[in-house]
Structures are given as C-alpha cells and as structure tokens.
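Undergrad: quick one: sequence and predicted model below, then my questions.
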Amino acid sequence: MNSYFKSMKIELRSHYMKYAFCQLIKRDELDSIQIDHPLFKATVLLQGAQIIEFSPAHYHFKNALWLSPSAHYKTGESIRGGIPICWPWFGAPDKNPTNISQNIKQPSAHGFARNSIWQLKSIRESCHQIEVTLSLASSAESLQCWPFDFELEATFIIGKTLRISLSTHNTDKHVVTYSQALHTYLPTSDINKTLIYGASGTTYIDALDHWKKKQQQGSINFCIETDRIYMFRDNTTLTATTPLHTLLLNQFNSRSAVIWNPWIEKSKRISQFSSTDFNSMFCIETANVLGDTVTLKPNETHQIGMQLSIESQY
Ligand SMILES: O=P(O)(O)OC[C@H]1O[C@H](O)[C@H](O)[C@@H](O)[C@@H]1O
C-alpha cells in the first residue's frame, strides 16, 4: 500500500475527503490514484506519474486526454496516452546536445522517469480543485542510467482545467543539463479536421526531413506523419481546434513544443496503438529541448508547466 494511504490509516485503499473520493486502485500490474470530484474525474498512475484521465464535468465527464484503447498496464511498459513525463532526456539519446547525451547510460528514448515508480506525496482538495503531488528521487537504479542525484516533483492541479508542473531540484554536487517534455496526448474525432494555431511564423525542426529548420506558415495541420520541434521566443499558448472541441494549451518555462502524429505506416509499428488510432489523436508536448534545455547548478530548481483548458465544444 502506498505510504500516503498508510499514513492516513486507510485500510480500504480509499479515502473520502470533504468534496472528493480518492481511491488507490490496481489496474492490472499498476497502482493508480482515482479521484471523483463533483467537477471532474481523474486518474494518475504511480508509474511515471502519468495522468491518463482528466474528465471535467463541463465536458460531460469525457476524457479530455487521449488514451489508447489498447493501453495495458504492465510494470516497466510505457502507456500510450495521457501525459507521459519525459525526463531527464527527451527523444533518442543521440538527438540531444552532447552535454546531455554524453551522460546517458541507457539507450531508450524519453528517459527513465516515465517508467519509474513515483511516490504519492500529498493530496489536497478544495471545492474547486484537487492538488496531487508525486515525487521521485535518485536511487542506485537511476544512477546507472544517469549519474546525478536529483529530486523531482510532479504536481497536478485538477479542476475545471488541468495544470501540471514538473519541478527538478539538483541535489548533486555537479552542474547538470537535461531535456524534458510533458508528452500530452490529445483526442480528436478526425485528424484531417484538426488544426493548431499559435505557431505561425515560428521556426521548427522537421525530425522527418533530416532535421532541417523550416518556418511555419499559418496553422499546423495533419495530412502526413508529423514529428516537429517548434522553437518559440517565450512561453506560448497553442490552440487546437477539432470537430469535438477547442483546446487551449499554455506553456510555462518552456520555449519549445513537439507536435507529433505517427500517421499510417508508423502506427503499425508502435506498441499499444492500433493501425487506425492515428486518426483520433495528436500530441502537443510542452518541452525544454535542443536550444531550450535546462542547466542547473547544485541546489537550483527549475519548474516546467502547462495548463490544458477546454474552451468550447460543439
Ligand atoms: O514511442 P515513444 O517512445 O513513446 O515516442 C513517441 C514519440 O514521441 C515524440 O513525439 C517524438 O518526437 C517521436 O519521435 C516519438 O515517436
């Protein structure tokens, strides 16, 4: 049983708060925190501190995050959907700047945090929202992947909107540089009718065209496999319109965003994904990558964040 529930002396792995009902539920092999609040339902997995459900009342308690219908909940396997946390590197190790890639001792993409088991630190509630904080600290296992001490905290403020912040505290005696992303999977009912506004005039790196630098003209649409890193001058807001809704995504302490859709051929090759899923999802990943990576001196802290709001629905 998780220490929070133990410390609260909850034997049934469930807890009535003043407004909400929280349960620690096993989904196959993984522990999840399930929250039922009058204003929303939400589910956060302890593996990866991955939120997989945010279903606000004003969206008829439907999930505003995309979750693969073929997701399965196994220890050490990445779940496609919700918001995986990519840390302390994003993407393939060799696609990171040298001051990051030279310290990576594990070949897999997106870092080890997404498959690590996090600790539940606190749950606080009010009539408008719930704040859930999970933590992860360096261990003998993490030091084999990445040779630095650290303390991470992921905080989810869930209410009418979903706010996430990921705070990295450098507890090592060396300066550390890392990349990261909040790899947000979003739903659509038709990828061909899905547009992202807010990036016109911005430079992006096209990972599928020899990492060439290009400039975005107008809105972003999807009609082919898409894997791009947009580099902004400052924090930005991206707006996605789909036949289902309009979504607003605000980035904090992040000047880069990855836009991804695997399209038809790649869909056939990736795990926990059916060959038609590409039509009902897209990713906007609030990031610190390439020229936007983070460097922390000993004892310094950095916090990346994003807020997701559903502005309207049709
Ligand atoms: O398959 P995963 O490791 O979860 O990565 C899924 C995708 O994540 C990001 O969007 C990357 O830019 C893509 O290149 C990658 O394919």
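TA: Alright, I've got the coordinates.
Undergrad: what's the closest non-adjacent residue to Thr184?
TA: Leaving aside its sequence neighbours, Thr184 sits nearest to Ile83 (Cβ to Cβ, 6 or more residues apart in numbering; 4.9 Å). Every residue, glycine included, has its C-beta placed from N, CA and C.
Undergrad: distance-wise, check that neighbour relative to Ser116.
TA: 15 Å (Cβ to Cβ, to the nearest Å).
Undergrad: I'd say the residue nearest to Thr184 and Leu166 touch.
TA: No. Between Ile83 and Leu166 there is no contact under Cβ atoms under 8 Å: 9.9 Å.
Undergrad: any shared contact partners between those two?
TA: By the contact definition Cβ atoms under 8 Å, 6 or more residues apart in numbering, Ile83 and Leu166 are jointly contacted by Leu182.
Undergrad: which one's more surrounded, those two?
TA: Shown here are Ile83 and Leu166; by other Cβ atoms under 10 Å, Ile83 has more neighbours (30 against 25).
Undergrad: show me the contacts for that one.
TA: Going by Cβ under 8 Å, 6+ apart, the list of residues near Ile83 reads Gln50, Ile51, Leu65, Ile164, Leu182, His183, Thr184, Tyr185.
Undergrad: before we move on, what about Asp31?
TA: By Cβ under 8 Å, 6+ apart, the neighbours of Asp31 are Asn2, Leu24, Ile25, Leu45, Leu46, Gln47.
Undergrad: in strands only, show me those.
TA: Leu24, Ile25, Leu45 (DSSP state E).
Undergrad: so which of the residues you listed wins on neighbours?
TA: Leu45 (22 neighbours).
Undergrad: show me the shaky parts of this protein.
TA: The model of the chain has pLDDT under 70 over residues 1-12, 312-314.
Undergrad: what about the longest strand in it?
TA: Per DSSP E, the chain has its longest strand at strand 301-313.
Undergrad: partner strands of that strand, with direction?
TA: strand 162-170 (antiparallel), strand 245-252 (antiparallel) (DSSP bridges).
Undergrad: now that strand - C-alpha only, CSV.
TA: Taking Å, rounded to 0.1, in the frame of the first residue of the first chain, the C-alpha atoms of strand 301-313 are listed here in CSV:
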residue,chain,number,x,y,z
THR,A,301,15.4,24.2,-9.1
HIS,A,302,13.5,24.6,-12.3
GLN,A,303,9.9,24.1,-13.0
ILE,A,304,8.3,23.4,-16.4
GLY,A,305,4.5,23.6,-16.6
MET,A,306,1.4,23.5,-18.8
GLN,A,307,-2.3,24.2,-18.4
LEU,A,308,-4.9,22.5,-20.5
SER,A,309,-8.4,24.1,-20.9
ILE,A,310,-11.3,23.0,-22.9
GLU,A,311,-12.7,26.3,-24.2
SER,A,312,-15.8,25.1,-26.0
GLN,A,313,-17.4,22.1,-27.5
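Undergrad: show me where this protein has helices.
TA: Using DSSP state H, the helices found in the chain span residues 3-7, 98-101, 140-145, 263-267.
Undergrad: so which of the ones you listed comes closest to Asn288?
TA: helix 98-101 (10.7 Å; Cβ to Cβ).
Undergrad: which strands and helices sit next to the closest one?
TA: If you count contacts as 3 or more Cβ pairs under 8 Å, 6 or more residues apart in numbering; DSSP states H and E, helix 98-101 packs onto strand 176-178.
Undergrad: can you list contacts of the strand it packs on?
TA: By Cβ under 8 Å, 6+ apart, strand 176-178 touches 87-89, 97, 99-100, 148, 150, 168, 170, 288, 293-296.
Undergrad: hmm, try it at 10 Å
TA: 87-90, 96-100, 102-104, 111, 146-150, 168, 170, 288, 293-298, 300, 302 (Cβ atoms under 10 Å, 6 or more residues apart in numbering).
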